[in-house]
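Enquirer: coordinates only, sequence not included:
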Ligand SMILES: [Fe+2]
């Protein structure tokens, strides 16, 4: 262990707030769930290695939350409204299922019948695809965070039910990884504790025993749960979660912070097909532009990491808002303006990430004070924030957005120059970003990841953007049969079956351009 090694729990507890916000929950639900699950695992006398898997599985239980946002927005309208209700719905309960259905299309006004029709048409396949996307991305995130096979499986099985009626893979009983069986009871307990106190949580666990929940886990929770929840009510959960981590605690070298940040960057960009690869692209531009300006290495590292994590707060806003082709309503615009604030608050929770918080939270500020969320201007904006703002603006212009197509690099450069002349960007920082963008090296060619051929490597990008096999065939000028074969081949190689998993793969390996 080196002096500058980082506690992984310090990082991931903070980043778990991203997943809380992405599920429409209060920003310490995952940490509370993790503490309840760890207490429950210990009360079950599980071996310490298993307690460890329970700890990480529960802390990251919703790390796949952005995976289906595009599909759920299309089907249900506001994905966050539905997520809050769906998470606590026991699908074996007619009453709870009806309550969930009542949220579909809520708040979409005249579009509500359209969402109900889409949901009906999608049927079971639709819900299976959504559940699998969550599980596959959870598994991929655990792999990228090097949390081990037990946590990967725990997250893969996070949507299963003891009675075998889960949406994702229909596993039942002991075939479901134990960390998943403990994690779901604890996570649900935290929700019901908030809604009705510890008694409501215990009653819920008893009711679901043998249906949704492993009866042995539910029974143990019924005995110890009220005490565990009661102790947490007045606790500093952020300190407790570091205390509760099974020993020896996980540490990572400081250099690996980039891998952790990159994994969360990709996870957040999964929120819409428009933003795939955005954060990684901004980080590359900003980091290289900082080098051109002679920014010291330590500051350039900070900027690159802040750039990777700058849009974490996006998850607090519904995917349906980010994908809206027309102008936003006043309420939606207010939500959008708050996303850098959420980023700042998430990063502030971690000792290791706190130094990035201020810069990351300033990525939409403008030199003339016209930006958000602080409305800061001029000298209030440090150089790193100016670089990040210019890199973010340029990169976003080179991607499709729902209200306009992507701009070619030279057109995006002219736009950034015009905004700079109008006083919104720092001229020196904008110039450095444009110089960097103009010199971007083309990606080195083969060997492609997962043994993909030159032809197949186009496929993850197209799948990630939601193209059907037929559209892929047209784009690549191949037969539909060949396209289908390529897509199946891709899924086999990456051990997945969903657009979201293909998108994660494409982002991780830089296959989007
Ligand atoms: Fe942003």
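Expert: In hand now; what should we look at? Computed from a predicted structure; not experimentally measured.

Enquirer: separation between residue 263 and residue 380?
Expert: Distance from residue 263 to residue 380, counting by CB to CB, to the nearest Å: 32 Å. Bear in mind the C-beta positions are built from the backbone N, C-alpha and C, glycine included.

Enquirer: and the two? which has more neighbours close in?
Expert: Comparing residue 263 with residue 380 by other CB atoms under 10 Å, the one with more neighbours is residue 263, at 23 against 13.

Enquirer: Next, find the distance separating the more buried one from residue 154.
Expert: With distances taken as CB to CB, residue 263 is found 17 Å from residue 154.

Enquirer: now residue 121
Expert: In this view, residue 121 and residue 154 are 33 Å apart by CB to CB.

Enquirer: quick one: the strands in the protein?
Expert: 6-7, 251-252 (DSSP state E).

Enquirer: Show the low-confidence segments of this structure, by residue range.
Expert: Across the chain, the ranges flagged by pLDDT under 70 are 1-3, 108-110, 440-446.

Enquirer: which one's the longest helix in it?
Expert: helix 112-144 (DSSP state H).

Enquirer: same for that one, what does it pack against?
Expert: Helix 112-144 sits against helix 69-76, helix 149-156, helix 257-269, helix 499-508, with contacts defined as 3 or more CB pairs under 8 Å, 6 or more residues apart in numbering; DSSP states H and E.

Enquirer: Just the buried residues of stretch 394-406, please?
Expert: Buried positions in stretch 394-406, judged by neighbour count with 16 or more other CB atoms under 10 Å: 394-399, 401.

Enquirer: Determine the number of other residues adjacent to residue 313.
Expert: Per other CB under 10 Å, the neighbour tally for residue 313 reads 27.

Enquirer: Let me know whether it touches residue 348 as I believe.
Expert: No: Residue 313 lies out of contact with residue 348 (CB atoms under 8 Å); the separation is 11.6 Å.

Enquirer: wait, isn't residue 360 in contact with residue 306?
Expert: Yes: under the criterion of CB under 8 Å, residue 360 makes contact with residue 306 at 4.1 Å.

Enquirer: so what sits against both of the two?
Expert: Here residue 360 and residue 306 share the contacting residues residue 388, scored by CB atoms under 8 Å, 6 or more residues apart in numbering.

Enquirer: mind listing what the closest residue to residue 472 other than its chain neighbours touches?
Expert: Once flanking residues are discounted, residue 472 sits nearest to residue 483: 4.4 Å by CB to CB, 6 or more residues apart in numbering. Counting by CB under 8 Å, 6+ apart, residue 483 makes contact with 459, 469-470, 472-473, 476.

Enquirer: hang on, the earlier thing: mean neighbour count and distance to residue 417 added to the strands of the chain, as a markdown table?
Expert: Output for those, formatted as a markdown table (neighbours: other CB atoms under 10 Å; distance: least, CB to CB, whole Å):
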| stretch | mean neighbour count | distance to residue 417 |
| --- | --- | --- |
| strand 6-7 | 19 | 39 |
| strand 251-252 | 16 | 41 |
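
Enquirer: any idea how far residue 355 is from residue 344?
Expert: Using CB to CB, residue 344 is found at 12 Å from residue 355.

Enquirer: So between those two, which is more surrounded?
Expert: Using other CB under 10 Å, the more surrounded residue of residue 344 and residue 355 is residue 344, with 23 against 15.

Enquirer: Just confirm that one contacts residue 361, I think it does.
Expert: Yes: the pair residue 344 / residue 361 is scored as a contact, 3.0 Å apart, by CB under 8 Å.

Enquirer: thinking again about what came up before, out of the helices and strands packed on helix 112-144, which is closest to residue 215?
Expert: In terms of CB to CB, the element of the helices and strands packed on helix 112-144 nearest to residue 215 is helix 149-156, at 19.0 Å.

Enquirer: What's the separation between residue 421 and residue 372?
Expert: In terms of CB to CB, residue 421 sits 21 Å off from residue 372.

Enquirer: before we move on, what about residue 332?
Expert: 14 Å.

Enquirer: The two - which one has more neighbours?
Expert: In this view residue 332 and residue 372 are compared by other CB under 10 Å, and residue 372 has more residues nearby, 19 against 16.

Enquirer: Tell me who's in contact with the more buried one.
Expert: Residues counted as contacts of residue 372 (CB under 8 Å, 6+ apart) are 337, 340, 364-365.

Enquirer: Buried subset of these, written for PyMOL?
Expert: To isolate the buried ones among the contacts of residue 372 in PyMOL, judged by 16+ other CB under 10 Å, type:
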select buried, resi 337+340+364+365
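
Enquirer: Spatially nearest residue to residue 287, not counting backbone neighbours?
Expert: Here the residue nearest residue 287, using CB to CB, 6+ apart, is residue 304, at 3.8 Å.

Enquirer: Please enumerate the helices of the stretch 251-400 of the chain.
Expert: Ranges of helices within the stretch 251-400 of the chain are 257-269, 278-292, 297-309, 319-322, 330-348, 354-360, 383-397, based on DSSP state H, counting those that start in this stretch.

Enquirer: Using JSON lines, please lay out those helices together with distance to residue 126.
Expert: Formatted as JSON lines, those follow (distance: least, CB to CB, whole Å):
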{"stretch": "helix 257-269", "distance to residue 126": "22"}
{"stretch": "helix 278-292", "distance to residue 126": "27"}
{"stretch": "helix 297-309", "distance to residue 126": "32"}
{"stretch": "helix 319-322", "distance to residue 126": "16"}
{"stretch": "helix 330-348", "distance to residue 126": "25"}
{"stretch": "helix 354-360", "distance to residue 126": "35"}
{"stretch": "helix 383-397", "distance to residue 126": "30"}
